[in-house]
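**Student:** Give me a model of this one.
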Amino acid sequence: QVQLVESGGGLVQPGGSLRLSCGSTAFTMKYFVIGWFRQAPGKEREAVSCISSDGRTYYSDSVKGRFTISRDNAKNTAALQMNSLVPEDTAVYYCATDSPHLDPCIAPDFGYWGQGTQVTVSS
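**Tutor:** Predicted structure coming up:
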């Protein structure tokens, strides 16, 4: 069973930063789009950012200019650098892969998911 593993979540004050990481030992992600999604309590899962195998990126309007997605194909990992965090960024963040295309960056197109990591932005 393919599993992705996220790490790096936690509690941070507004204006702070966190860096999420994602990796897999059972699936080679380098040929596929990697996406970061989030789900807040009572809300639907939403796309945060996606990155193609050749490094093209997509960001949702709510995080554009604050978050940066990256990937290291040699290490089979991805990261999401989150700066200038606000309470509205509080959610469980998921890493996903297996989508063949960058646009659209939507959850149903991704076949493999991590277990999620909690990000809480609060003073």
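
**Student:** distance of the spatially most central residue of the chain from residue 11?
**Tutor:** Per CA atoms, centre = their mean, the C-alpha nearest to the average position across the chain is that of residue 36, at 2.1 Å. To residue 11, residue 36 is 19 Å away according to CB to CB, to the nearest Å. Placement of C-beta: from N, CA and C, glycine included.

**Student:** go on, residue 76?
**Tutor:** 28 Å.

**Student:** When those two are compared, which one has more neighbours?
**Tutor:** Taking neighbours as other CB atoms under 10 Å, residue 76 and residue 11 compare with residue 76 leading, 17 against 12.

**Student:** quick one: the more buried one and residue 22 touch, right?
**Tutor:** No - here residue 76 lies out of contact with residue 22, judged by CB atoms under 8 Å, at a distance of 9.5 Å.

**Student:** ok so, going back, give me the residues contacting the helix or strand hosting the residue nearest to the centre of the chain.
**Tutor:** Applying DSSP states H and E as the criterion places residue 36 in strand 33-39. Outside strand 33-39, the residues within contact range by CB atoms under 8 Å, 6 or more residues apart in numbering are 20, 22, 45-53, 69, 71, 78, 80, 89, 91-97, 99-102, 105, 107, 110, 116, 119.

**Student:** Tell me which of those residues fall in strands.
**Tutor:** Counting by DSSP state E, the part of the contacts of strand 33-39 found in strands is 20, 22, 46-51, 69, 71, 78, 80, 91-97, 99, 119.

**Student:** Which members of those residues are classed as buried?
**Tutor:** 20, 22, 47-51, 69, 71, 78, 80, 91-97, 99, 119 (16 or more other CB atoms under 10 Å).

**Student:** got the contact list for the closest residue to residue 71 other than its chain neighbours?
**Tutor:** Using CB to CB, 6 or more residues apart in numbering and skipping the chain neighbours, the partner closest in space to residue 71 is residue 78 (4.4 Å). Taking CB under 8 Å, 6+ apart, we find residue 78 in contact with 21-23, 29, 34, 36, 51, 69-72, 95.
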